[in-house]
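Enquirer: fold the following and give me the result.
(chains A and B)
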Amino acid sequence: MRSHLVVLLLFSALVSGVFAVLLREDTKSRLRFGLMAFGAFVVSALVVGWIMHPFPS
Amino acid sequence: MATVITETGRAAAIPACLFAWLLPGAGHLYLRRTAKGLAFLGAIGALFVLGVAMDARLQMSLGLDDILASLFSLAQMAIGVPYFAARALGFEAGQVTSVTHEYGNTFTAVGGLLNILVILDAYDTAVGRKP
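Expert: All right, here's what the predicted structure looks like:
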């Protein structure tokens, strides 16, 4: 597994799933919370990655 | 309103927390929250297995000489039996030259940290603070 994007998507999906089950009680709100958290993980990683892009490693 | 913790709830909390530490989701399965337990087992188990597959380091480093390494080891150990089983099966060293080594470290440590939250949730469920 060498694709950074696939690893990001997998990590975000699994962690959001755990948080959704932990923090919400019914299926509908779990689904909504899980999708929101997943989106937040992915978007924030892309934004932070884009901000760091100009800096040399 | 404060939750009244019954003797039965307190008695169930100890094995629930122990099972939850030994295997992610097992505490909830013990408390008959089957769907929740299986969801935790699937998600946290997948995090750990993927982490090991991505060449994570599972070496045990406890002590005060390297605090960060100790905290990292504690986080990984929080996943319970899978951590010790993977070490026993020879996945201890990982592969530092692997492209995904750091991803693997993150997956296994985050899996353990999430399992700490799951253990606390099992405790709350056992004593009646959560349904």
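Enquirer: what does chain B put close to chain A?
Expert: B:36, B:39-40, B:43-44, B:46-47, B:50, B:53-54, B:99-100, B:103, B:106-107, B:110, B:114, B:117-118, B:121, B:131 (C-beta under 8 Å from any C-beta of the partner chain). (Glycine included, C-beta is placed from N, CA and C.)
Enquirer: any of these buried? List them.
Expert: B:36, B:39-40, B:43-44, B:46-47, B:50, B:54, B:100, B:103, B:106-107, B:110, B:114, B:117-118, B:121 (16 or more other C-beta atoms under 10 Å in any protein chain shown).
Enquirer: low-confidence regions, chain A specifically.
Expert: Along chain A, segments meeting pLDDT under 70 span A:1, A:57.
Enquirer: residues of the biggest helix by length in chain A that come out buried?
Expert: In chain A, with assignment by DSSP state H, the single longest helix is helix A:27-52. By neighbour count on 16+ other C-beta under 10 Å, the buried set for helix A:27-52 is A:Arg30, A:Phe33, A:Gly34, A:Ala37, A:Phe38, A:Phe41, A:Val42, A:Ala45.
Enquirer: quick one: the fourth one and chain B, what's the gap?
Expert: The reference is to A:Ala37. 12 Å (C-beta to the nearest C-beta, to the nearest Å).
Enquirer: give me the distance between the closest residue in space to that residue that isn't next to it in sequence and A:Gly34.
Expert: Spatial nearest neighbour of A:Ala37, excluding adjacent residues (C-beta to C-beta, 6 or more residues apart in numbering or on different chains): A:Ser16 at 3.8 Å. Separation of A:Ser16 from A:Gly34 (C-beta to C-beta, to the nearest Å): 5 Å.
Enquirer: count of neighbours near B:Ala86?
Expert: Residues near B:Ala86, counting by other C-beta atoms under 10 Å in any protein chain shown, number 20.
Enquirer: hang on, it packs against B:Gly51?
Expert: No - the pair B:Ala86 / B:Gly51 is not scored as a contact, 9.2 Å apart, by C-beta atoms under 8 Å.
Enquirer: buried sites along stretch B:17-29?
Expert: B:Cys17, B:Phe19, B:Ala20, B:Trp21, B:Leu23, B:Pro24, B:Gly25, B:Ala26, B:Gly27, B:His28, B:Leu29.
Enquirer: that older thread, the longest helix of chain A packs against which elements?
Expert: Of the remaining helices and strands, those touching helix A:27-52 by 3 or more C-beta pairs under 8 Å, 6 or more residues apart in numbering or on different chains; DSSP states H and E are helix A:4-23.
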